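Trainee: Fold the following.
(3 chains, ligands or ions: 3)
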Amino acid sequence: MTMNTIERPKRAPVPRATDTTLTRDYYVSQEIFEREIDKVFFKQWTFAGHVSQIPNVGDYFLHTFAGESLIIVRESAETVRAHFNVCRHRGSQLTKAGNGNVKLFVCPYHQWSYELNGGLRRAPMMPDGECIDYDKLALNPAAAEVWAGMIFVNLSPNPEQTLIEALGEPPAGLLKLEPENIKEICRDQLVMQGNWKTLLENYLECYHCAGSHPELGIAFDIQSSYDQTATWGGACFLGGEPVRKGLVTVSMTGDLVSKPLGRHSEDATLPLEVAEGLGLLPVLTRVLFHVDHAIIHVMNPLSVSEVQWTTIWYVRKDAVEGVDYETDRVVEVWRATNSEDKELCERNYKGVLSRTFVPGPLNPRAEGAVRPVLDHYLQMME
Amino acid sequence: MTMNTIERPKRAPVPRATDTTLTRDYYVSQEIFEREIDKVFFKQWTFAGHVSQIPNVGDYFLHTFAGESLIIVRESAETVRAHFNVCRHRGSQLTKAGNGNVKLFVCPYHQWSYELNGGLRRAPMMPDGECIDYDKLALNPAAAEVWAGMIFVNLSPNPEQTLIEALGEPPAGLLKLEPENIKEICRDQLVMQGNWKTLLENYLECYHCAGSHPELGIAFDIQSSYDQTATWGGACFLGGEPVRKGLVTVSMTGDLVSKPLGRHSEDATLPLEVAEGLGLLPVLTRVLFHVDHAIIHVMNPLSVSEVQWTTIWYVRKDAVEGVDYETDRVVEVWRATNSEDKELCERNYKGVLSRTFVPGPLNPRAEGAVRPVLDHYLQMME
Amino acid sequence: MTMNTIERPKRAPVPRATDTTLTRDYYVSQEIFEREIDKVFFKQWTFAGHVSQIPNVGDYFLHTFAGESLIIVRESAETVRAHFNVCRHRGSQLTKAGNGNVKLFVCPYHQWSYELNGGLRRAPMMPDGECIDYDKLALNPAAAEVWAGMIFVNLSPNPEQTLIEALGEPPAGLLKLEPENIKEICRDQLVMQGNWKTLLENYLECYHCAGSHPELGIAFDIQSSYDQTATWGGACFLGGEPVRKGLVTVSMTGDLVSKPLGRHSEDATLPLEVAEGLGLLPVLTRVLFHVDHAIIHVMNPLSVSEVQWTTIWYVRKDAVEGVDYETDRVVEVWRATNSEDKELCERNYKGVLSRTFVPGPLNPRAEGAVRPVLDHYLQMME
Ligand code: FES
Ligand code: FES
Ligand code: FES
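Mentor: Ligands and ions are numbered 1, 2, ... in the order given. Sure, this is the predicted structure:
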């Protein structure tokens, strides 16, 4: 069977791009997924929430990542902690309510109680020092850090790098947006039938944008995104979503969808093309700040063939719905884009499931970030 | 991160309790579950039904345990048999109806027929001795024994111990209740999302009762249950559910919910605190007789992460609904208790699924039965 | 426990039939299923569709087998091709529509486009010879052949045998029915909860027919089917479904259910007992032609414990619904038979799942084809 006999002009041989995505096993093997839990999911920083969710001491919320449930709690005005939601007695989850305010965490099974800092306060009928040492029975901690008003966690209690070591101090442009003075107005959660790296690769390139993302393309600058993504790699990077020349924000028109964030409310003339943010890799957290709103995407692997994709939208804390913003307008671009990407990724994954799948050549420019990020992942997996 | 800096009084060091439940693998590993099938589920006695279900020769019912379907059939006035519901030709299940009365079991696939005792009667177009020997093609047997009117089975055709060897003869107190003269009035089946041993541990201790079982606590004597469970272990034990001093039965008031069982109908004064019964381990069967009703709990492992919990309520055979008892009142305590335990166990199991789970110290008194029973289980697993 | 004490006459010992089906592992093991993918599903010919589905150049339809999606496309008047539905860039499925007409296949992800013959036509921003060689990036081919108007595929691009080598030229009796001049009038798809070989064994024997298939038994000649199946084995066989002496076709009455196919419309007297067809093994394709209609059964393994069974009915291309045939009458026999077999097979598989299952003796005459076909399967699995 001759497969390809169409006539076409031939050129002189030139160097070939050899970068590809990963072999099929990485997307379908249960063994590799188990390895990722240890080597990747328990090692990297990801977004857990915003300080506005827990303003007062004792405020907490539950956060789920890689199958683990964490209690994120404000211990004091200065300290936020993350505890694994697992009682040290027989292992019951301590709280089923998604959030609340407590003085102690009391296990619903046998009423062992824990301080906000995780220390065991009391085990009924088992006084400290009699048959057990309370000191050895504190809740298992995860690492938690607040950076520019955002709470990040690392399932490892002793990460190789603190987040501030990795990211540095928040840049001036971001601080001017006062990222702690925002509020969540909407949260979308999608479950995609695919491996999390299929979704990661989708996010890392905009080769597919022109053909698939009409809404995003209005104000998002695809060409300059190629230059930007070329610098991505490693565990994290700074920088937001490039806005087309002359536009104010990423929206369906390029115009404001809410009132300016932070100290920009005092600007005589609103700056154009504001794009602050950061990315955490390889399981993607992506934070995008524009002059009037912020968006945070968080990836959560559910299994080797399922990944949850959460998008949260924020506006200025004192903005008023119906006056300063319409939620529908704020979320319009990324809600449409997510929906398009879900379909693309799921169709991609169906193809990857074919036993004949071999990864093909990546576009050197438009897909320039894919391989460096996958290389960082492979290094973690060693 | 300092995890536990709260101030508390310290005592002199004392010996520490080191008993715990099992490591996480025992609750989540598919390999261990497969091993349990061979080493535990195919080796132990469990409750299958009551003689009142099959009064006449040829009466049968289907019973499911550990993924196996058994036909429990009355072969004669004296004999009850258990056959695996698997045709010896190509393996079809012989009957799909849950119960009935037959002269022969006729396979619906190719009409091989079997006697009540399991012997092959006829294979169409394959006369005995011509191309097959009927003698070698009887249904695979499981062991079945009737003890005090209750039918117990063991998936092994040759159990290490008969049930009567293990339990001894039914005690006088139980016989006075005439356990064969009862009838089933209600059956609840719950599926719990958890390993069967998580549910077992829940049943083995009443450390959680005060906080979670208000209905049970009315008439059930928690304190004396601690002494009782301290004696549990091995493959089985005798004894019922302790009733609070001065009460007649376990109900929402401690008063009768049906008329007295057996020869107690002749008692001038009704005895207090009647508590007969037995337990089979480690996959729990729990039989509880009070003076006016009986309850049987049966655990059936469905998978490494799912277990079925069946509770059956019985009253005196000649008791009349609406006159002698109201079903709703009879089932009230344990229906509520089961529902509470389901929630506790499922929340416990979610915590055990955390990769950070390690079993913590058991309460020496209130959880005294847990480790001995788990040790018996571990011995079977060797 | 004595299992079989019924009295029965004994005969002198005679040779015993020892043929059985396979040990339990072959029906339940995930490892064996994975091996089947490589050794069987990617090696054998199966039915994919009929030429009437793609009359014009560029017409295509999707076909699924063993988890693989294939594009079956008419490349030219003479050529039909099968391509794996997997883009050579990052692996996206190329088309989600079940069928259509195209000039090029354009990948919905990054718009790489492919010729009807599978050759890469254009990758946007990646000219041929610059960073990639288009010649090396044609769609992965499967083998496709047209035989008597039917399209067959083999997931291997280089099968050990072509279909025409295996089957030979279509026999005269079949050609007289003009198998290319038929049209599909109905398609039933069932998913059976069972291993595909349980369904295969069901099809290979009619020991169960008398007891379970009243509709089929009206016009289908069970006794002569025993002789016929005795010759089955290997990768394929020719021959149709035997019709009872004196009857015209397999229907609920033995009378015509549509007008005669092909050149039989010119017959002065309609021939009786027309039965042409073929079978492909071990994953069964079964083609049955009678004088007035055709039936094609196709098996598609979905997992170790699930198999899809598709039945398609065809009549003469120019037959008119309501005038020449009633679809309900054409499909009546096999729709009922499939439904009966589904129930038999699912009950059989439940028994095979028992850990006590051992395959029993096969009936030498009525189940004569089972073991030879399983032996062919075992040979492929080596
Ligand atoms: S499991 Fe939390 S107190 Fe027992
Ligand atoms: S499977 Fe029971 S008679 Fe064939
Ligand atoms: S996956 Fe098909 S063009 Fe990229």
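
Trainee: give me the number of residues near the spatially closest residue to residue A:381 that is not a sequence neighbour?
Mentor: Using C-beta to C-beta, 6 or more residues apart in numbering or on different chains and skipping the chain neighbours, the partner closest in space to residue A:381 is residue A:39 (5.1 Å). The C-beta positions use only the backbone N, C-alpha and C, and glycine is treated the same way. By the criterion of other C-beta atoms under 10 Å in any protein chain shown, residue A:39 has 16 neighbours.

Trainee: Might you enumerate the residues of the stretch 101-250 of chain A proximal to chain B?
Mentor: Taking C-beta under 8 Å from any C-beta of the partner chain, the part of the stretch 101-250 of chain A that reaches chain B is made up of A:108-111, A:115, A:117-121, A:123-135, A:137-141, A:143, A:157.

Trainee: please redo it, this time with the cut-off set to 7 Å
Mentor: Taking C-beta under 7 Å from any C-beta of the partner chain as the criterion, the stretch 101-250 of chain A approaches chain B at residues A:108-111, A:115, A:117-119, A:121, A:125-126, A:128-133, A:135, A:137-138, A:140-141.

Trainee: Next step: these restricted to strands.
Mentor: By the criterion of DSSP state E, membership of these in strands covers A:121, A:141.

Trainee: Which strands or helices does the longest helix anywhere in chain A pack on?
Mentor: Ordering each helix of chain A by length in residues (DSSP state H) puts helix A:327-352 first. Helix A:327-352 sits against strand A:182-192, helix A:196-204, helix A:214-217, strand A:306-316, with contacts defined as 3 or more C-beta pairs under 7 Å, 6 or more residues apart in numbering or on different chains; DSSP states H and E.

Trainee: Just name the most buried of those.
Mentor: helix A:196-204 (a mean of 25; mean count of other C-beta atoms under 10 Å in any protein chain shown).

Trainee: Please see if that helix touches ligand 3.
Mentor: No. Counting by C-beta under 6 Å from any ligand atom, ligand 3 is not contacted by helix A:196-204; separation bottoms out at 9.9 Å.

Trainee: Tell me which of the helices and strands packed on helix A:327-352 lies nearest to ligand 2.
Mentor: Taking C-beta to the nearest ligand atom, strand A:306-316 is the member of the helices and strands packed on helix A:327-352 nearest to ligand 2, at 39.0 Å.

Trainee: pull the CA atoms of that closest one into CSV?
Mentor: Extracted in CSV, the C-alpha atoms of strand A:306-316 (Å, rounded to 0.1, in the frame of the first residue of the first chain):
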residue,chain,number,x,y,z
GLU,A,306,-9.2,12.5,34.3
VAL,A,307,-8.2,16.0,35.3
GLN,A,308,-10.2,18.8,37.0
TRP,A,309,-9.7,22.3,35.7
THR,A,310,-10.9,25.1,38.0
THR,A,311,-11.1,28.8,36.9
ILE,A,312,-11.8,31.5,39.4
TRP,A,313,-12.5,35.1,38.6
TYR,A,314,-11.8,38.0,40.8
VAL,A,315,-12.6,41.7,40.8
ARG,A,316,-11.8,44.6,43.1
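
Trainee: ok and it relative to strand A:182-192, angle-wise?
Mentor: 160 degrees (axes from the mean of the first three to the mean of the last three C-alpha atoms, to 10 degrees).

Trainee: Which residues are in contact with residue A:46?
Mentor: With contact set as C-beta atoms under 7 Å, 6 or more residues apart in numbering or on different chains, residue A:46 has these partners: A:65, A:152, A:153, A:280, A:283, A:285, A:298.

Trainee: now, which of these sits nearest ligand 3?
Mentor: Taking the contacts of residue A:46 together and measuring to ligand 3 by C-beta to the nearest ligand atom, the closest member is residue A:283, at 22.1 Å.

Trainee: who touches the closest one in this structure?
Mentor: Counting by C-beta under 7 Å, 6+ apart, residue A:283 makes contact with A:40, A:41, A:44, A:46, A:196, A:299, A:301.

Trainee: quick one: which of those sit in strands?
Mentor: Per DSSP E, the contacts of residue A:283 map to strands at A:46, A:299, A:301.

Trainee: wouldn't the last one be in contact with residue A:309 here?
Mentor: No. Checked against C-beta atoms under 7 Å, the pair residue A:301 and residue A:309 is beyond contact range at 10.5 Å.

Trainee: pLDDT score assigned to the residue nearest to residue A:381?
Mentor: Here the pLDDT value assigned to residue A:39 is 98.

Trainee: what do you get for residue A:12?
Mentor: Residue A:12 carries a pLDDT value of 45.

Trainee: so how many other residues sit close to the residue of the stretch 101-250 of chain A found nearest chain B?
Mentor: For the stretch 101-250 of chain A and chain B, the shortest gap (C-beta to the nearest C-beta) falls at residue A:119, measuring 3.2 Å. Residues near residue A:119, counting by other C-beta under 10 Å, number 19.

Trainee: Could I get the phi/psi values of residue A:50?
Mentor: Dihedral angles of residue A:50 (phi, psi; degrees, to the nearest 10) stand at phi -120, psi 150.

Trainee: check contacts around it.
Mentor: Taking C-beta under 7 Å, 6+ apart as the test, what residue A:50 contacts is A:149, A:150, A:151, A:184.

Trainee: Buried ones among those?
Mentor: A:149, A:150, A:151 (16 or more other C-beta atoms under 10 Å in any protein chain shown).

Trainee: can you list the domain ranges for chain A.
Mentor: Listed domain ranges for chain A are A:19-42+A:169-382, A:44-159 (source: automatic domain parsing).

Trainee: Provide a complete list of residue ranges assigned to helices in the stretch 1-150 of chain A.
Mentor: A:25-28, A:30-36 (DSSP state H, counting those that start in this stretch).

Trainee: Out of these, indicate the one that is most buried.
Mentor: Stretch with highest mean neighbour count among these: helix A:25-28 (a mean of 18; mean count of other C-beta under 10 Å).

Trainee: CA-only coordinates of it in CSV, if you can.
Mentor: Backbone C-alpha positions of helix A:25-28 (Å, rounded to 0.1, in the frame of the first residue of the first chain) are rendered in CSV as follows:
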residue,chain,number,x,y,z
ASP,A,25,2.8,5.4,28.4
TYR,A,26,3.1,8.8,30.1
TYR,A,27,-0.5,9.5,29.3
VAL,A,28,-2.1,6.1,30.0
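
Trainee: residue ranges with poor pLDDT in chain A?
Mentor: Scanning chain A for pLDDT under 70 picks out A:1-17.

Trainee: make it 80
Mentor: Scanning chain A with the threshold set as pLDDT under 80 gives A:1-18, A:96, A:230, A:233.

Trainee: So which residue is smack in the middle of it?
Mentor: For chain A, the residue sitting closest to the mean C-alpha position, by C-alpha atoms, centre = their mean, is residue A:285 at 2.1 Å.

Trainee: Many thanks, have a good one.
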